[in-house]
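Participant: mind folding the following:
(one chain, ligands or ions: 1)
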Amino acid sequence: MSDYRFPYKDASFLINHILDFDQACADAGLDEVNSELADAILEEAGRLGSEVFAPLNVVGDTKGATLEGDGVHETPGFAEAYQQYAEMGWAALCAGEEYGGQAMPRVLGAATTEIWYSACTALSLCPLLTTGAVEAIAKHGTDELKSAYLPDMISGNWTGSMCLTESAAGSDLAAVACKAVPKDDHFLISGQKIYITWGDHQMTENIIHLVLARLPDAPAGVRGISLFLVPKFLLDENGRPGERNDVYCVGIEHKLGIHGSPTCTMSFGDNGGAVGYLVGKPNQGLMAMFTMMNEARQGVGIQGLGVAEASFQQAVPYAKERLQGTRSDGSRYPIIEFPDVRRMLMLMKSATEAMRGLAYLAAAETDLEHNASDPEKAQQHALRVGLYTPIVKGWLTELSQELTYLGTQVHGGMGYVEETGSAQFYRDARIMTIYEGTTGIQGLDLVGRKTLGDGGVALQGLLDEMQATVEDMAAVDGLGEMADALRAAVDQGVQARAWLLEKGSQDRNDAGGASVNFMMLMGYLCGGWVMGKSAIKATQLLAAGGGDEAFLKTKQVTTRFYFEHLLPRTAAYLATILAGSESMMALDAEQF
Ligand SMILES: Cc1cc2nc3c(=O)[nH]c(=O)nc-3n(C[C@H](O)[C@H](O)[C@H](O)COP(=O)(O)OP(=O)(O)OC[C@H]3O[C@@H](n4cnc5c(N)ncnc54)[C@H](O)[C@@H]3O)c2cc1C
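Facilitator: Modelled structure (predicted):
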C-alpha cells in the first residue's frame, strides 16, 4: 500500500498524555529529549515509511527473495531502502551511545517500529533481528566482541540473525543439536538451522548470526545450550569483513506471506566448521538468547499492530467508495453506511488504538527499567516488562489475525483477490502468532513463569493499578458506565488469577489449558485499561478546552466502542478458564 500514513495524532496523544513522556525523560536525565523532538522524529520516520518502504510492500510480495549461486538475493529495491534507513540513523535510534547509538527512549523505538511494519513488514524484519542481536551482544558479550561487532551492527552496516530452530527443535529448544567444538581462541560450529529470517542477503557487507549450539561436554536439555556469534565473513586484522566463514544458506522456504523476507535453511560447518565466538557463559546460552527473544517478542507484537493498522487504512477508503446501497430515489450509497461495515471498521480502529496503547506502555516500562537508578526499582520494572511481554506478543498478534481478516472482509470479493493489497496483510500477519514463540508458548510463559512463578505478586500489582484507574474514571463526569465495565473486567482478572494460583499450580493440564485464554483475557483487560486512561484524558482536555477537539471527540467514541464491543470478551475468557481442562483432555489421542 503506497499511501500509508502513520497515525501521528494517536501516537502523540499516547506519548504526551498517557505516558507523560516529558516528565519521564526529565526523570531519566534525558535533558534534550522531549515531546517536540518525539513529534519531529516520528514525522521523519513516517516520511521514510510512506515514501520509501510502503511502495516496496507489494514488490516484496510478488518478487520475493531468491536463492542464487552466490547466496540469497533480496527483492529489488530493498537494498536501496535499507541503505536509506541505515544512513538516516534509524538502526541506531535506541542503541547505547558507547557503540554509536543515539540512546533514544524505547517508546520512540516502538512507535517507529510500527511505521516500518505497517509500511513493509518483510523488509523491516531484518532490522528487528539486528536490534535483538545487538541487545544480546551488549548484555552478554565480552568487551572484545562488543567493540568488534557492535558499532557496525548499530550503524546498520551489518545485520544480525537469530539461529535457534532446528528440524527437531522448534518450541522445545532443549532438543538443540548443533555442535560447538573449542579450537584456539574460538569454536567450530556445525549443524543445520531452519527457518532463519534474513539468514542471508546481499544488502550489507556482513551478517552476524547468533547461534545456539552445544559444547562437547554439555549436559542434556536447556542447561547445556550455549550461544555463539558466527559472522558470515570473518574480520581481518583491521576489523573489516575478510575471509568467508563456513556458514551458507542452502535453501529458502516458499510460504504463505512475507515473501520479501528470506526464510533460510542455514548450514554451519560443511567444510570443517564455522568459526564462532562464545557469547555469555558456557551452557547459559538460552538465558542470553532470551535477551534477544524478549526484545523480538515485543517487536513481533508491534508487527501485529503495524499490519492491522495498514489493513485498516486500506479498508477505509474502499468502504467509502464501494457503492452497494440503493436509496428509494434510485441513487446509490457506499458500504460504509451499513452498520455491519461500521462494526468491522470500528473494531479495527478501536482495537488498533488499544494495541498501540499497550505496546507503548510496555516500551515505556522498559525505559523505566533501563533508566532506574535504584536496583530495586529496576527489578520492579523488569517484572512488569516480563508480564507485558507475552501479552504484547500474544494478544497483539492474535488480534491482528482478526483485524486483517476484517480488512479483507470489508473489501468483499475484492479483498480475496490480490489487486487491492488487502489479502497480503492477511497473509503476512499469519506468521506472527507462530514465530518468536507460538501463542501457546506465550500463554505458558504468562501463566508459568510470570504468574505462578512469583505467586501472582507482579500480576496483583498490575491489577491494583487498573483498579486505581477504575476509581479515577468513576470520578469523571460521563465515564461512570465505563468505570463499571472496567471494574467488572478487573474483577474477572482477579478471579482468573485466584483460580490459576489455586488450580493451575496443582494441575499441569489446568494451567496449560487455561494459559492462552488467560493471556487473551489479560490482553483485552490491558487494552481496556489504556483505553480507560485515554477516555479520562480526552474528557479532561475537552472540558479544559485544550487539545485537538476533533481528535479528542473521536477518541471518546473509540474508547466507548472498545468498552461496549471488545472489553466484554474478558467475561467469556474467564468462563473458559473456570471450566478447567477436563473436557479438553477427556478423549484419548486415538479418539480424534
Ligand atoms: C517464516 C518463519 C520465520 C522464522 N524465523 C525464525 C528465525 O529467524 N530464527 C529461528 O530460530 N526460528 C525462526 N522460525 C521458527 C519459529 O520460531 C518456529 O517455527 C516456532 O518457534 C514454532 O516451532 P515449530 O515450527 O517447530 O512448531 P512446534 O514447536 O512443533 O509447535 C506445533 C504446535 O504445538 C504447540 N506446542 C509446542 N510445544 C508446546 C508446549 N510446550 N505447550 C503448548 N503447546 C505447544 C505450538 O504452540 C504449535 O501450535 C521461523 C519460522 C517461520 C515459519
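
Participant: residue contacts, Ala319?
Facilitator: Counting by C-beta atoms under 8 Å, 6 or more residues apart in numbering, Ala319 touches Pro334, Ile335, Ile336, Val341, Leu345, Val410. (Glycine included, C-beta is placed from N, CA and C.)

Participant: in what helix or strand does it lie?
Facilitator: Assigning secondary structure by DSSP states H and E places Ala319 in helix 285-321.

Participant: average pLDDT across the helix or strand following that helix?
Facilitator: Tracing the chain C-terminally past helix 285-321 and defining elements by DSSP H and E, one meets strand 323-326 next. Mean pLDDT, strand 323-326: 95.

Participant: check contacts around Val72.
Facilitator: The neighbourhood of Val72, defined by C-beta under 8 Å, 6+ apart, consists of Ala65, Thr66, Gly199, Asp200, His201, Gln202, Cys249, Ile252, Pro262, Cys264.

Participant: now, among those, which is nearest to Glu369?
Facilitator: Distance from Glu369 was checked for each of those by C-beta to C-beta. The minimum falls on Gly199, at 30.7 Å.

Participant: measure that closest one to Phe268 for me?
Facilitator: Gly199 sits at a distance of 11 Å from Phe268 (criterion: C-beta to C-beta, to the nearest Å).

Participant: need the residues touching each of those two.
Facilitator: With C-beta under 8 Å, 6+ apart applied, the overlap between the contact sets of Gly199 and Phe268 consists of Lys193.

Participant: now the buried members of the contacts of Val72.
Facilitator: For these, a burial check counting by 16 or more other C-beta atoms under 10 Å picks out Ala65, Gly199, Asp200, His201, Cys249, Ile252, Pro262, Cys264.

Participant: which residues does the residue of the stretch 251-400 of the chain found nearest the ligand form a beta bridge with?
Facilitator: Of the residues in the stretch 251-400 of the chain, the one nearest the ligand is Thr263, at a distance of 4.3 Å by C-beta to the nearest ligand atom. Thr263 forms beta bridges with Thr197, as assigned by DSSP bridges.

Participant: right, and it touches Gly251 too?
Facilitator: No - with contacts counted by C-beta atoms under 8 Å, Thr263 stays clear of Gly251, the gap being 9.4 Å.

Participant: more neighbours: these two, which one.
Facilitator: Thr263 (23 against 13; other C-beta atoms under 10 Å).

Participant: quick one, what contacts that one?
Facilitator: By C-beta under 8 Å, 6+ apart, Thr263 lies in contact with Tyr195, Ile196, Thr197, Gly199, Ile252, Glu253, Lys255.

Participant: ok, for the fourth one, nearest residue in space, not its chain neighbours?
Facilitator: Distance criterion C-beta to C-beta, 6 or more residues apart in numbering; nearest residue to Gly199, sequence neighbours excluded, is Cys264 at 3.3 Å.

Participant: find me the pLDDT at the one you found, would you?
Facilitator: For Cys264, pLDDT reads 98.

Participant: so it touches Ile207, yeah?
Facilitator: No - taking C-beta under 8 Å as the definition, Cys264 is not a contact partner of Ile207, at 10.3 Å.

Participant: between those two, what contacts are shared?
Facilitator: Applying C-beta under 8 Å, 6+ apart, one finds that Cys264 and Ile207 are jointly contacted by Trp198, Gly199, Asp200.

Participant: the last one and the ligand, how far apart?
Facilitator: Between Asp200 and the ligand the distance, using C-beta to the nearest ligand atom, to the nearest Å, works out to 12 Å.

Participant: again, but for the first one
Facilitator: Taking C-beta to the nearest ligand atom as the criterion, Trp198 is separated from the ligand by 7 Å.

Participant: neighbours of the nearest residue to Asp507 once chain neighbours are set aside, just the number please.
Facilitator: Leaving aside its chain neighbours, Asp507 sits nearest to Ser581 (7.2 Å; criterion: C-beta to C-beta, 6+ apart). By other C-beta under 10 Å, 18 other residues sit near Ser581.

Participant: I'd say Ser581 and Asp510 touch.
Facilitator: Yes - in terms of C-beta under 8 Å, Ser581 counts as a neighbour of Asp510; the distance is 5.0 Å.

Participant: which ones are touching Lys183?
Facilitator: Taking C-beta under 8 Å, 6+ apart as the contact definition, Lys183 lies against Gly273.

Participant: where does it fall, phi/psi-wise?
Facilitator: phi -150, psi 120 (degrees, to the nearest 10).

Participant: who does it form a beta bridge with?
Facilitator: Taking DSSP bridges, one obtains His186 as the residues bridged to Lys183.

Participant: gap between it and Val275?
Facilitator: Using C-beta to C-beta, we find Lys183 at a distance of 8 Å from Val275.

Participant: now do the contacts for the residue in the stretch 451-592 of the chain positioned nearest to the ligand.
Facilitator: Residue nearest to the ligand within the stretch 451-592 of the chain (C-beta to the nearest ligand atom): Gly512, separated by 6.2 Å. Counting by C-beta under 8 Å, 6+ apart, Gly512 makes contact with Leu444, Val447, Ser581.

Participant: that one sits in which helix or strand?
Facilitator: Per DSSP H and E, the secondary structure element for Gly512 is helix 508-543.

Participant: separation between the closest residue to the ligand within the chain and Gly221?
Facilitator: In the chain, no residue comes nearer to the ligand than Gly170, which is 1.6 Å away by C-beta to the nearest ligand atom. Counting by C-beta to C-beta, the gap from Gly170 to Gly221 is 16 Å.

Participant: look at Ala169 and say how many residues are nearby.
Facilitator: A count of nearby residues for Ala169, using other C-beta under 10 Å, gives 18.

Participant: give me the beta-bridge partners of it?
Facilitator: Beta bridges link Ala169 to Glu166, judged by DSSP bridges.

Participant: verify the stated contact: it with Gly191.
Facilitator: No - with contact taken as C-beta under 8 Å, Ala169 and Gly191 are classed as non-touching, separated by 10.3 Å.

Participant: and for those two, which residues touch both?
Facilitator: Contact with both Ala169 and Gly191 is made by residues Ala177, according to C-beta under 8 Å, 6+ apart.

Participant: quick one: Leu444 and Gly513 touch, right?
Facilitator: No - shown here, Leu444 and Gly513 do not form a contact pair, counting by C-beta under 8 Å, at 10.9 Å.
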